[in-house]
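Q: sequence plus predicted model, see below.
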Amino acid sequence: MKRGIAAVLVAGLAWFVSHAASAASFSQVVTTESGKLQGAAAGDVLSFKGIPFAAPPVGDLRWRSPAPAPHWDGIRQATAYGHDCMQKPFPGDSAPLATEPSEDCLVLNVWRPAAGGAKLPVMVWIHGGGFVNGGSSPAVYDGSQFARQGIVFVSFNYRLGRFGFFAHPALSRETPSGPLANYGLMDQIAALKWVKRNIAVFGGDSRNVTIFGESAGGISVHMLMTAPAAKGLFRKAIVESGGGRAVAVGRYLRAQASGEPPSAEAVGLAFAKSVGVEGEDAAALAALRQLPAEKIVSGLNLVTMFGSTTFAGPAVDGKIVVDEPETLYRAGKTAHVALMAGANNFDIGFSRAHSMDDLVAPFGTAPAQQVLAAYDPDNTGKVNQIGMRMAMDQMMLEPARFVAKTLSGQGRPVYEYRFSYVAESVRQKYPGAMHASEIPFVFDTLHAAYSDKVTPQDEKVAQGMNAYWAAFAKSGDPNGPGRPKWPVYDAARDALIEFAASGEAVPEPDPWKARLDLTEARPDQSASTKPAGDR
């Protein structure tokens with residue numbers, strides 16, 4: 001009898017060991033709709049990188065909607081990033097690419113807990129870079145810390161510059177029913193559709209997806225929030241320094257509104273002419289598709305894009321971008337999802353003011369004394385500094401509050417933040433939290449940004465922010481034990497949480513309310529006051 005029990009125990013142990021081994025092996029191999037993938041383990045996290053979510057947009061697929069990814073036989077190695085999208089990198093980028101840019105770039109990456117699990121919440125990151133730079137490979141975008149929080153994390157590439165945002169009469173004739181112009185946004189939607197179809201094999205819940213992005217990635221979130229083509233692809237959204245009013249800023253596919261920028265097609269024709277391609281027929285389009293990728297880039301990046309007459313960026317095309325987000329938010333034509341939104345206390349903005357009169361003129365009938373009291377309380381008279389504050393409020397901070405106020409008024413749970421913390425090693429260099437400086441804190445990837453100069457206080461701020469973001473992705477509420485309570489936004493209290501310079505998370509009524517009220521009232525602030533054009 002004892003021998004029989006022993007035999008059973010030995011057999012059971014053998015079964016357990018064999019199945020545990022196969023389970024461990026299986027945990028690094030998944031089967032997607034295109035084929036099997038071999039990932040990589042790093043401690044308690046598994047990652048799968050360079051996964052095609054669409055066909056390479058090269059040759060005849062340049063300037064077309066993303067096509068399905070090809071299938072492969074056997075097991076594809078998914079242990080290294082694929083190419084980031086074609087671009088001209090610029091010196092000093094705080095999120096430098098880890099790959100060589102290429103036109104063959106429509107790939108994504110997945111991180112998940114090594115311990116497994118099913119129906120885990122999913123976060124999908126959309127990188128910034130002005131729609132001309134960036135990618136999913138920078139080390140600060142590593143998703144490991146989110147995976148450790150019990151999340152399946154996804155990042156992806158989308159076409160940039162003239163590859164991603166381009167219009168031409170020949171393209172319109174080729175695909176008269178569209179969609180047109182916004183190919184980079186089409187890539188984003190294709191990636192989200194891939195997530196919906198495939199994320200379950202990584203342990204993710206396709207019904208609990210949070211999209212989030214910063215700068216151009218945050219602007220993209222606004223466009224996805226208001227894009228009919230993205231309906232049902234996510235349940236929650238986070239916008240970091242993504243504005244929230246106008247994104248195409250009056251640019252339409254075919255027509256130019258009075259006083260607004262040239263149409264996307266006009267910009268495309270200007271680019272074609274600049275590279276020696278004339279005409280609006282199929283031959284012209286064929287010639288453009290045969291241009292080397294470097295010729296399409298033509299030096300375009302974040303440094304050179306301002307004032308460019310040959311790059312359009314996103315345009316209102318009527319299919320993907322149906323109108324400015326501000327207009328659609330006001331009308332309630334947006335995804336009914338929970339939202340987090342905010343910006344940094346030394347964020348981006350562009351001022352052309354040269355005098356105190358230049359500073360106060362855009363505020364219309366608001367008394368100059370009131371404007372300067374809000375924006376220059378210490379009476380410094382420093383035009384450049386005051387102009388910077390006004391410009392960042394107009395571009396980032398007030399639009400974030402506008403979105404919070406508008407969507408919360410429509411019954412959506414909204415949480416607003418302001419990031420004011422500066423890493424201790426660079427405090428003497430920067431007067432506040434610069435544009436994009438929150439990213440390594442949100443991702444808890446400080447060492448990728450600050451190397452061995454990370455301090456315990458820096459780490460505390462990063463751990464707290466990463467926990468807030470992860471909690472929101474799980475439930476739509478960023479709050480949790482051990483953290484100051486982040487209040488739901490309501491216009492009456494106008495409260496947010498500030499990740500303060502002290503390192504503390506401080507829930508408070510917005511201390512810059514007077515500034516933002518003045519900016520909100522500027523005659524040039526609302527897109528709804530601008531003339532609409534024929535698309």
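A: Noted; the coordinates are in hand. Residues are numbered from 1 along each chain as shown.
Q: once you drop chain neighbours, what's closest to G279?
A: Nearest non-adjacent residue to G279, counting by Cβ to Cβ, 6 or more residues apart in numbering: A170, 7.8 Å away. Where C-beta positions appear, they are placed from N, C-alpha and C, glycine not excepted.
Q: pull out the buried positions in the longest strand along the chain.
A: Longest strand of the chain, by residue count under DSSP state E: strand 204-214. Buried residues in strand 204-214, defined by neighbour count with 16 or more other Cβ atoms under 10 Å: G204, S206, N208, V209, T210, I211, F212, G213, E214.
Q: distance from the chain centre to stretch 143-150, please.
A: 18 Å (Cα atoms, centre = their mean, to the nearest Å).
Q: quick one: contacts of that stretch?
A: With Cβ atoms under 8 Å, 6 or more residues apart in numbering as the test, stretch 143-150 has contacts from 42, 44-47, 109-113, 117, 120-121, 123, 125, 153-155, 443-445, 466-467, 469-470, 473-474.
Q: got the CA coordinates for it in PDB?
A: Output in PDB follows, covering the C-alpha atoms of stretch 143-150 (Å, rounded to 0.1, in the frame of the first residue of the first chain):
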ATOM      1  CA  GLY A 143       6.800  49.000 -20.000                       C
ATOM      2  CA  SER A 144       8.300  46.800 -17.300                       C
ATOM      3  CA  GLN A 145       7.200  48.700 -14.300                       C
ATOM      4  CA  PHE A 146       3.600  48.800 -15.500                       C
ATOM      5  CA  ALA A 147       3.800  45.000 -16.000                       C
ATOM      6  CA  ARG A 148       5.000  44.700 -12.400                       C
ATOM      7  CA  GLN A 149       1.800  46.500 -11.500                       C
ATOM      8  CA  GLY A 150      -0.300  43.700 -13.100                       C
END
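Q: what is the mean pLDDT for that stretch?
A: Average pLDDT, stretch 143-150: 98.
Q: same question, stretch 474-486
A: Averaging pLDDT along stretch 474-486 yields 97.
Q: re earlier: secondary structure element holding the residue nearest to G279?
A: If you go by DSSP states H and E, A170 is part of helix 169-174.
Q: contacts for that helix?
A: The contact list for helix 169-174 (Cβ under 8 Å, 6+ apart) reads 63, 180, 253-254, 265, 268-269, 279-282, 284-285, 288.
Q: narrow the contacts of stretch 143-150 to those in helices?
A: Those of those mapping onto helices are N466, A467, W469, A470, A473, K474, per DSSP state H.
Q: before we move on, what SS does R76 have?
A: Assigned by DSSP: H, G, I helix; E, B strand; the rest coil, the conformation of R76 is strand.
Q: what of the one 3 residues further on?
A: Using three-state DSSP, the three-state assignment for T79 comes out as coil.
Q: wait, it sits on Q38?
A: Yes. Using Cβ atoms under 8 Å, T79 is in contact with Q38, at 7.0 Å.
Q: leaving out the residues flanking it, which one is nearest to W469?
A: Among residues not flanking W469 along the chain, V442 sits closest, at 5.6 Å (Cβ to Cβ, 6+ apart).
Q: burial measure for that neighbour, as a count.
A: Using other Cβ atoms under 10 Å, V442 is surrounded by 24 other residues.
Q: can you check A315 too?
A: Applying other Cβ under 10 Å, I find that A315 has 29 neighbouring residues.
Q: strands of the stretch 351-500 of the chain, residue ranges please.
A: Taking DSSP state E, counting those that start in this stretch as the test, the strands found in the stretch 351-500 of the chain are 414-419, 495-499.
Q: meant to ask about the stretch 201-350 of the chain
A: Assigned by DSSP E, counting those that start in this stretch, the strands in the stretch 201-350 of the chain fall at 204-214, 236-240, 338-344.
Q: mean pLDDT and distance to A331 for those - can I get that in a markdown table?
A: Compiled in a markdown table, the strands of the stretch 201-350 of the chain are given as follows (pLDDT from 0 to 100; distance: least, Cβ to Cβ, whole Å):
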| stretch | mean pLDDT | distance to A331 |
| --- | --- | --- |
| strand 204-214 | 98 | 21 |
| strand 236-240 | 98 | 18 |
| strand 338-344 | 98 | 17 |
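Q: looking at these, which is closest to F311?
A: Each of the strands of the stretch 201-350 of the chain has some distance to F311 by Cβ to Cβ; the shortest is strand 204-214, at 20.2 Å.
Q: the closest one pairs with which strands?
A: If you go by DSSP bridges, strand 204-214 pairs up with strand 120-126 (parallel), strand 236-240 (parallel).
Q: are any of the contacts of helix 169-174 buried, and which?
A: Buried, going by 16+ other Cβ under 10 Å: W63, L180, L253, R254, E265, G268, L269, E280, A284, L285, L288, out of the contacts of helix 169-174.
Q: mind putting those residues into TSV with pLDDT and distance to A368?
A: Shown next, in TSV, are those (pLDDT from 0 to 100; distance: Cβ to Cβ, whole Å):
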residue	pLDDT	distance to A368
W63	98	49
L180	97	46
L253	95	41
R254	93	42
E265	97	42
G268	98	43
L269	98	44
E280	97	50
A284	98	53
L285	98	53
L288	98	51
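Q: okay if I get the residues you listed as JSON lines plus distance to Q145?
A: Shown next, in JSON lines, are the buried ones among the contacts of helix 169-174 (distance: Cβ to Cβ, whole Å):
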{"residue": "W63", "distance to Q145": "37"}
{"residue": "L180", "distance to Q145": "39"}
{"residue": "L253", "distance to Q145": "41"}
{"residue": "R254", "distance to Q145": "45"}
{"residue": "E265", "distance to Q145": "44"}
{"residue": "G268", "distance to Q145": "41"}
{"residue": "L269", "distance to Q145": "46"}
{"residue": "E280", "distance to Q145": "50"}
{"residue": "A284", "distance to Q145": "48"}
{"residue": "L285", "distance to Q145": "45"}
{"residue": "L288", "distance to Q145": "43"}
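Q: got the strands of the stretch 201-350 of the chain as CSV, with distance to S308 columns?
A: Below are the strands of the stretch 201-350 of the chain laid out as CSV (distance: least, Cβ to Cβ, whole Å):
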stretch, distance to S308
strand 204-214, 22
strand 236-240, 25
strand 338-344, 25
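Q: so how do I select the buried members of the contacts of stretch 143-150 in PyMOL?
A: To isolate in PyMOL the members of these that are buried, counting by 16+ other Cβ under 10 Å, one can use:
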select buried, resi 45+46+47+109+110+111+112+113+120+121+123+125+153+154+155+443+444+445+466+467+469+470+473+474
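Q: so A190 makes contact with P57?
A: No. A190 lies out of contact with P57 (Cβ under 8 Å); the separation is 10.3 Å.
Q: overlap in contacts of these two?
A: Common neighbours of A190 and P57 are listed as P66, L106 (criterion: Cβ under 8 Å, 6+ apart).
Q: right, and V124 touches Y158 too?
A: No. Applying Cβ under 8 Å as the test, V124 and Y158 come out as separate, 11.7 Å apart.
Q: overlap in contacts, those two.
A: Common neighbours of V124 and Y158, using Cβ under 8 Å, 6+ apart, are A191.
Q: dump the C-alpha coordinates for stretch 233-246 into PDB.
A: Coordinates of each C-alpha in stretch 233-246 appear next as PDB, following Å, rounded to 0.1, in the frame of the first residue of the first chain:
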ATOM      1  CA  LEU A 233     -11.300  50.200 -29.000                       C
ATOM      2  CA  PHE A 234     -10.600  51.600 -25.500                       C
ATOM      3  CA  ARG A 235     -12.400  52.200 -22.200                       C
ATOM      4  CA  LYS A 236     -10.200  54.900 -20.600                       C
ATOM      5  CA  ALA A 237      -7.800  57.600 -21.700                       C
ATOM      6  CA  ILE A 238      -4.900  59.700 -20.400                       C
ATOM      7  CA  VAL A 239      -3.600  62.800 -22.000                       C
ATOM      8  CA  GLU A 240      -0.200  64.200 -20.900                       C
ATOM      9  CA  SER A 241       0.500  67.700 -22.300                       C
ATOM     10  CA  GLY A 242      -1.700  67.200 -25.300                       C
ATOM     11  CA  GLY A 243      -3.700  70.400 -25.300                       C
ATOM     12  CA  GLY A 244      -7.400  69.600 -26.000                       C
ATOM     13  CA  ARG A 245      -8.800  72.400 -28.200                       C
ATOM     14  CA  ALA A 246      -7.600  72.500 -31.800                       C
END
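Q: sounds good, over and out.
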